[in-house]
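1. pasted the sequence and its predicted model underneath.
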Amino acid sequence: MAFTGKYQLESQENYETFLEAIGLLNAKTDYKVETEVVQDGDNFTWTQSVPGWTWSNNFSAGQECELTTMTDSKFKAPVTLEGGTISVQFPKYLFTAEIVEDKLVMSCTIPGEQGVTFKRISKRI
């Protein structure tokens with residue numbers, strides 16, 4: 001499947017600015033985030049981890065799903081998969097993910113005046 005694999009952080013842009021904008025600057029870590037994705041058709045298990053901290057979501061593209069933020073807050077949102085891009089509207093930002101040249105490219109965009117986009121590129125390991 002397109003997304004299935006393990007990935008390790010390679011680079012990121014606007015990390016601190018994004019965390020500050022959503023009120024989570026104290027969650028900043030210098031660890032290389034590892035992401036594991038298991039895709040079975042439209043069903044996904046998406047797990048991210050750093051030493052001592054792991055969070056995971058199970059969701060199905062094309063459905064409203066209950067998801068958990070990295071701060072363990074739960075919310076419901078529709079998950080879309082169009083043109084190879086996953087999109088989820090989190091409470092404070094729009095999350096998108098796609099595979100570009102065998103790398104997982106994730107973006108989190110805060111709408112409105114703040115207009116911050118955090119981009120994380122992870123290489124397959």
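-> Structure's in. What do you need?
2. following the helix-or-strand element of the chain with minimal mean pLDDT, which helix or strand comes up?
-> Lowest by mean pLDDT, DSSP states H and E among the helices and strands of the chain is helix 15-21, with a mean of 84. Sequence order places strand 34-40 as the next helix or strand after helix 15-21, per DSSP states H and E.
3. and the pLDDT at residue 71?
-> The model reports residue 71 with a pLDDT of 77.
4. isn't residue 8 up against residue 48?
-> No. Under the criterion of Cβ atoms under 8 Å, residue 8 is not in contact with residue 48, lying 11.0 Å apart. For every residue, glycine as well, the C-beta is placed using N, CA and C.
5. tell me the residues that contact both of the two, please.
-> 33-35 (Cβ atoms under 8 Å, 6 or more residues apart in numbering).
6. which of those residues count as buried?
-> 33-35 (16 or more other Cβ atoms under 10 Å).
7. returning to that earlier point: the least confident helix or strand of the chain packs against which elements?
-> strand 117-124 (3 or more Cβ pairs under 8 Å, 6 or more residues apart in numbering; DSSP states H and E).
8. quick one: low-confidence parts of the chain?
-> By pLDDT under 70, the low-scoring segments of the chain are 1, 24-30, 113-114.
9. residues contacting residue 67?
-> 57, 59, 74-77, 79, 88, 90.
10. how is it assigned, secondary-structure-wise?
-> At residue 67 the chain is in strand, as set by DSSP: H, G, I helix; E, B strand; the rest coil.
11. so which bits of the least confident helix or strand of the chain are buried?
-> Residues of helix 15-21 classed as buried: 15, 18-19, 21 (neighbour count, 16+ other Cβ under 10 Å).
12. how about residue 15, nearest residue that isn't a chain neighbour?
-> residue 118 (6.0 Å; Cβ to Cβ, 6 or more residues apart in numbering).
13. distance of that neighbour from residue 95?
-> Here residue 118 is placed at a distance of 10 Å from residue 95 (Cβ to Cβ, to the nearest Å).
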